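Chemist: return a 3D structure for these sequence lines:
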Amino acid sequence: MNDWVTIAILGKPRGNKGEVLAISLSDSPGRLESLERAFLFRGEDDLGERAIEKAWFHDARLVLKFSGIDSISEAETLQGLEVRVPLAERAPLEPGAVYVSDVIGCDLVDQASGKILGQVTGWEDAGPQSLMEIDGDWLVPFTPGLCKRVDVPGRKIVVELPEGLRELNAK
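Modeler: This is a model prediction of the structure:
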């Protein structure tokens, strides 16, 4: 699983030529429309590589057409599958940005004491502000004001938290 990134989940057939609706999990605009191939998975079972003939939006819904899938009945077999790409082929990031998947599992470290405050176990998008879930118990805003250094290779995020933040938002 760690060698792959899920970028879409396949839904119902659309039309009668083997096209399927998909839910995009990518934040990168145009990512799926420019994709030429992907790997299909059912759970952890790798069903192999598929060429993507075309990807487009219709009525604000993503539609994918895979090579060799040319009928409604063939498209129905794809429903619920995950569309993945190798980790090394993730969309490039802007400088200073990080992938959420890289942040999950990082230790949260207090800048002043060096003490580990917990581990990032989840992520919540809260409008313009994203929140890191710590130990499944409390939330920390993912902002430069609080997160002083993000060290993905070192698996830690150094923070300077205001007094009482943990108690204020414990679940």
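Chemist: please count neighbours and contacts with C-alpha atoms only from this point.
Modeler: Fine.
Chemist: could you say what helices and strands the longest strand seen in the chain packs with?
Modeler: Secondary structure of the chain per DSSP state E: the longest strand is strand 45-58. Other elements packing on strand 45-58 under the criterion 3 or more CA pairs under 8 Å, 6 or more residues apart in numbering; DSSP states H and E are strand 37-42, strand 61-66.
Chemist: how does it look with 10 Å?
Modeler: With contacts defined as 3 or more CA pairs under 10 Å, 6 or more residues apart in numbering; DSSP states H and E, strand 45-58 has these neighbours: strand 19-24, strand 37-42, strand 61-66, strand 82-86.
Chemist: could you break the chain into its assigned domains?
Modeler: Domains of the chain are assigned by automatic domain parsing as 4-89, 100-168.
Chemist: can you list contacts of stretch 58-73?
Modeler: For stretch 58-73, the surrounding residues in contact (CA atoms under 10 Å, 6 or more residues apart in numbering) are 8, 10-24, 32-33, 36-38, 50-57, 74-78.
Chemist: can we see that at 6 Å?
Modeler: Contacts to stretch 58-73, defined as CA atoms under 6 Å, 6 or more residues apart in numbering, come from residues 16-22, 51-57.
Chemist: cool, stretch 93-106 as well?
Modeler: The contact list for stretch 93-106 (CA under 6 Å, 6+ apart) reads 119, 120, 121, 155, 156.
Chemist: and for stretch 44-52?
Modeler: Applying CA under 6 Å, 6+ apart, the set of residues contacting stretch 44-52 from outside is 36, 37, 38, 39, 40, 41, 65, 66, 67.
Chemist: shaky segments in the chain?
Modeler: Across the chain, the ranges flagged by pLDDT under 70 are 1-2, 29, 169-171.
Chemist: strands of that one, start to end?
Modeler: 4-14, 19-24, 37-42, 45-58, 61-66, 82-86, 107-110, 116-126, 129-134, 138-141, 147-151, 156-159.
Chemist: residues near the nearest residue to residue 22 once chain neighbours are set aside, how many?
Modeler: Counting by CA to CA, 6 or more residues apart in numbering, residue 22 lies nearest to residue 10, which is 4.4 Å off, once chain neighbours are set aside. Residue 10 has 23 neighbours, counted by other CA atoms under 10 Å.
Chemist: next: residue 127.
Modeler: Around residue 127 there are 7 residues (other CA under 10 Å).
Chemist: what are the phi and psi angles of it?
Modeler: Dihedral pair for residue 127: phi 70, psi -130, per degrees, to the nearest 10.
Chemist: burial count for the spatially closest residue to residue 35 that is not a sequence neighbour?
Modeler: Leaving aside its sequence neighbours, residue 35 sits nearest to residue 52 (CA to CA, 6+ apart; 7.0 Å). Neighbours of residue 52 under the rule other CA under 10 Å: 18.
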